[in-house]
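[1] Give me a 3D structure for the following:
(2 chains)
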Amino acid sequence: MRLDHTDQQLINHFQRHLPVCERPYLEMSRQLGISEKDVIERLQSLQSRDVVGRVGPVFEHSQAGASLLAAVAAPEEQIDLVAARINRAPGVNHNYAREHTYNLWFVMTAPDNESLEEHLDKLEQELRLPMLRLPMIEGYHIDLGFDIDWGALS
Amino acid sequence: MSTSTFPSEVTVTEFDRKLILATQAGLPLVSDPWEELGRQLDMSADEVLARFQSMQEAGVIRRIAAVPDHYRLGYRYNGMTVWDVNDDRITELGAAIGELPFVSHCYRRPRHLPYWSFNLFAMVHGTTREEVEDKAARIRGVLGDASRQHTILYSSAILKKTGLRLRS
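    From the prediction side, this is the model:
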């Protein structure tokens, strides 16, 4: 995906935080040296190309309830079936296949710890696979993005 | 960045819930997004903005941002690097790894011996596997002898990915 310099600057400046003020896009346009209309059109275009997933709030999961990273080692020939069962379980919002014995990694959320444990127990029984439960003990850098190396991408 | 702690109790009002539901797919891309939201929710633009600011202060909203899709940008390789780090040094070293500019997430998680021996997770991204490996080598350099072993789990498929969703 080729982006022009202004689009790159837009992502560099605002992938972590947008100004939360009366006219956020106007404030962004001042920082970028372009018009407010241009900022809005660029954001629309980036979104329509799925380069920017969304322009908006990132909610704190721990504030909305409990969440946990878990993993299972699915037999290779059953991986699609197991993945589909995981995706159907309540509150699963991420599920990644990874190259490892533990080959399915997913995040489950629930309103509180008790129901989270219940849902995980139920899923574990349904899958008949032991589940690694890996709650966060400490967060050192929580989903704040990283500096994009545009040179390496071009 | 320092270790994060979460406030244990935050009240999310009924109005906040409505705001979250109205914006979890994104803010309106119009000159005054708060006014537009206010129209949808029958509130004033000032009230909407004030609730956003206070939810951010309270930590209910982590941030408001233009969140890029790294895969679409060209970062085809997502490596979850996992490390078996000396417990006595993990807090100090975890903070140092979290500060590396190319690490997108960094957490401490429990071991499950004998099945799982890694207690530090750091996510890195690259356009090639070599790039991910170079970044892992830089993490290795910071951890030094405090890491007994490590591995990289590359993602081979994204089977589900949605942001936090509240049910209406």
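
[2] Show me how chain B divides into domains.
    Structural domains assigned to chain B are B:14-58, B:70-154, following automatic domain parsing.

[3] Indicate which one of the ones you listed is closest to A:A152.
    Proximity to A:A152 (CB to CB) singles out domain B:70-154 among the domains of chain B, at 5.7 Å. Bear in mind the C-beta positions are built from the backbone N, C-alpha and C, glycine included.

[4] How far off centre is that closest one?
    In terms of CA atoms, centre = their mean, to the nearest Å, the centre of domain B:70-154 is found 14 Å from the chain centre.

[5] ok, and does it reach over to chain A?
    Yes. Counting by CB under 8 Å from any CB of the partner chain, chain A has neighbours in domain B:70-154: B:72-75, B:78, B:80, B:90-91, B:94-95, B:97-99, B:101-110, B:112, B:115-116, B:125, B:127, B:131, B:151, B:153-154.

[6] what's the single longest strand in chain B?
    Ranked by number of residues, the top strand in chain B under DSSP state E is strand B:147-161.

[7] picking up where we left off before, reformat the domains of chain B as CSV; add mean neighbour count.
    Formatted as CSV, those follow (neighbours: other CB atoms under 10 Å in any protein chain shown):
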stretch, mean neighbour count
domain B:14-58, 17
domain B:70-154, 17
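
[8] Just put those in a markdown table and tack on distance to A:E36 and mean pLDDT.
    Below are the domains of chain B laid out as a markdown table (distance: least, CB to CB, whole Å; pLDDT from 0 to 100):
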| stretch | distance to A:E36 | mean pLDDT |
| --- | --- | --- |
| domain B:14-58 | 6 | 92 |
| domain B:70-154 | 25 | 96 |
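
[9] among the ones you listed, which is nearest A:A74?
    Nearest to A:A74, of the domains of chain B and by CB to CB, is domain B:70-154 at 14.2 Å.

[10] what residues are up against the residue in chain B that chain A sits nearest to?
    The nearest approach of chain B to chain A comes at B:G98, 3.1 Å away (CB to the nearest CB). Contacts for B:G98 (CB atoms under 8 Å, 6 or more residues apart in numbering or on different chains) come out as A:Y140, A:H141, B:M1, B:C106, B:A122.

[11] Sheet partners, orientation included, of the longest strand of chain B?
    Applying DSSP bridges to the sheet, strand B:147-161 is found paired with strand A:92-98 (antiparallel), strand B:77-85 (antiparallel).

[12] closest to B:R51 out of these?
    strand A:92-98 (24.0 Å).

[13] Show the subsequent helix or strand relative to the closest one.
    With elements assigned by DSSP states H and E, the helix or strand that comes after strand A:92-98 is strand A:104-110.

[14] helices or strands up against that following strand?
    Strand A:104-110 sits against strand A:66-72, helix A:79-88, strand A:92-98, helix A:113-127, strand B:147-161, with contacts defined as 3 or more CB pairs under 8 Å, 6 or more residues apart in numbering or on different chains; DSSP states H and E.

[15] one more time with 6 Å, if that's ok
    Here strand A:104-110 touches strand A:66-72, strand A:92-98, going by 3 or more CB pairs under 6 Å, 6 or more residues apart in numbering or on different chains; DSSP states H and E.

[16] now those strands as JSON lines including distance to A:H17, mean pLDDT and mean neighbour count?
    Shown next, in JSON lines, are those (distance: least, CB to CB, whole Å; pLDDT from 0 to 100; neighbours: other CB atoms under 10 Å in any protein chain shown):
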{"stretch": "strand A:66-72", "distance to A:H17": "23", "mean pLDDT": "94", "mean neighbour count": "21"}
{"stretch": "strand A:92-98", "distance to A:H17": "23", "mean pLDDT": "92", "mean neighbour count": "19"}
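
[17] Verify the stated contact: A:I11 with B:H70.
    No. A:I11 is beyond contact range of B:H70, at 10.5 Å (criterion: CB atoms under 6 Å).

[18] Please tell me how far the nearest residue to B:S117 once chain neighbours are set aside sits from B:H70.
    Spatially, and ignoring its direct neighbours in sequence, B:S117 is nearest to B:D84 (4.8 Å; CB to CB, 6 or more residues apart in numbering or on different chains). To B:H70, B:D84 is 27 Å away according to CB to CB, to the nearest Å.

[19] Centre-most residue in chain B?
    B:H105 (5.7 Å; CA atoms, centre = their mean).

[20] So in chain A, where's the weakest helix or strand by average pLDDT?
    When each helix and strand of chain A is scored by mean pLDDT, DSSP states H and E, helix A:61-64 comes last, with a mean of 65.

[21] ok, now which ones touch the residue nearest to B:H105 when sequence neighbours are not counted?
    Nearest residue to B:H105 in three dimensions, chain neighbours excluded: B:M123, at 4.3 Å (CB to CB, 6+ apart). Contact analysis of B:M123 by CB atoms under 6 Å, 6 or more residues apart in numbering or on different chains lists B:M80, B:S104, B:H105.

[22] wait, the second one sits on A:F146?
    Right, the one you point to is B:S104. Yes. If you go by CB under 6 Å, B:S104 and A:F146 touch, sitting 4.6 Å apart.
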